[in-house]
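Chemist: fold the following for me, if possible:
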Amino acid sequence: MFCPFCQAEATKVVDSRVFADGSQIRRRRECEVCNARFTTFEVADLALPKIIKNDGKRQTFNGSKLKKGMLRALEKRPLSSEKTDALFSKILNQIRFLGEKEIHSRKVGEIMMNALKEVDSVAYVRFASVYRDFQDISDFSEEIKSLNQESKNTSKKKK
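Modeler: All right, here's what the predicted structure looks like:
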């Protein structure tokens, strides 16, 4: 691994830890030339399916685009970066687990909404408002009502 500061090839791993629910390895490295320290993340490179857009076009899966949408929904919400990373890993794992070579963008959106619903209802409604293209306040109201109803049904089952 090249040092990002001096571009030297001579770097060594100082510390390694399992990260993000075991799907990543976090490594602290030190350059043997300039002694600078930096962090790298190692992730298994598993194939993700092509995305079929609503217009029928196919695109290569873009994880950064998906994460950007998730982070936008979670903006200013009380979720730590570790939990956010774990949530994103969970979403990617669900997509991989489908075992499909191609997946419709609607399915990816549904997976994202279900994952957000489990961790933060506000983030869920934010994402749903864009994903489902809410046009007015009544759309928000209906979604919140259904969310409240699900919450009541879940709490009744626990009793």
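Chemist: for the protein, what spans make up the strands?
Modeler: For the chain, the strands defined by DSSP state E occupy 11-19, 24-31, 37-43, 50-52, 58-59, 102-104.
Chemist: quick check: phi and psi on the nearest residue to residue 89 once chain neighbours are set aside?
Modeler: Spatial nearest neighbour of residue 89, chain neighbours left out: residue 23 (4.5 Å); criterion: Cβ to Cβ, 6 or more residues apart in numbering. Every residue, glycine included, has its C-beta placed from N, CA and C. Backbone geometry at residue 23, expressed as degrees, to the nearest 10, gives phi -90, psi 0.
Chemist: again, but for residue 133
Modeler: Torsion angles, degrees, to the nearest 10, at residue 133: phi 60, psi 60.
Chemist: who's in contact with it?
Modeler: With contacts taken as Cβ atoms under 8 Å, 6 or more residues apart in numbering, residue 133 has no neighbouring residues.
Chemist: one more: residue 129?
Modeler: 139-140, 143.
Chemist: and residue 1, by the same measure?
Modeler: So residue 1 contacts 11, 29, 40 (Cβ under 8 Å, 6+ apart).
Chemist: ok, now how distant is it from residue 58?
Modeler: Separation of residue 1 from residue 58 (Cβ to Cβ, to the nearest Å): 34 Å.
Chemist: so what's the residue count around the nearest residue to residue 51 once chain neighbours are set aside?
Modeler: In space, and not counting its chain neighbours, residue 51 is closest to residue 59: 4.9 Å by Cβ to Cβ, 6+ apart. By other Cβ atoms under 10 Å, 11 other residues sit near residue 59.
Chemist: now stretch 1-15: buried residues?
Modeler: 3, 11 (16 or more other Cβ atoms under 10 Å).
Chemist: how long is that stretch end to end?
Modeler: Taking Cα to Cα, to the nearest Å, stretch 1-15 runs 15 Å from one end to the other.
Chemist: average pLDDT for it?
Modeler: Stretch 1-15 shows a mean pLDDT of 94.
Chemist: still on that earlier bit, which single one of the contacts of residue 129 is nearest to residue 98?
Modeler: residue 143 (25.4 Å; Cβ to Cβ).
Chemist: so where's the protein uncertain?
Modeler: Where the chain drops to pLDDT under 70, the residues are 21, 45, 152-159.
Chemist: residue farthest from the centroid of the chain?
Modeler: The C-alpha centroid of the chain is most remote from residue 33, which lies 35.9 Å away (Cα atoms, centre = their mean).
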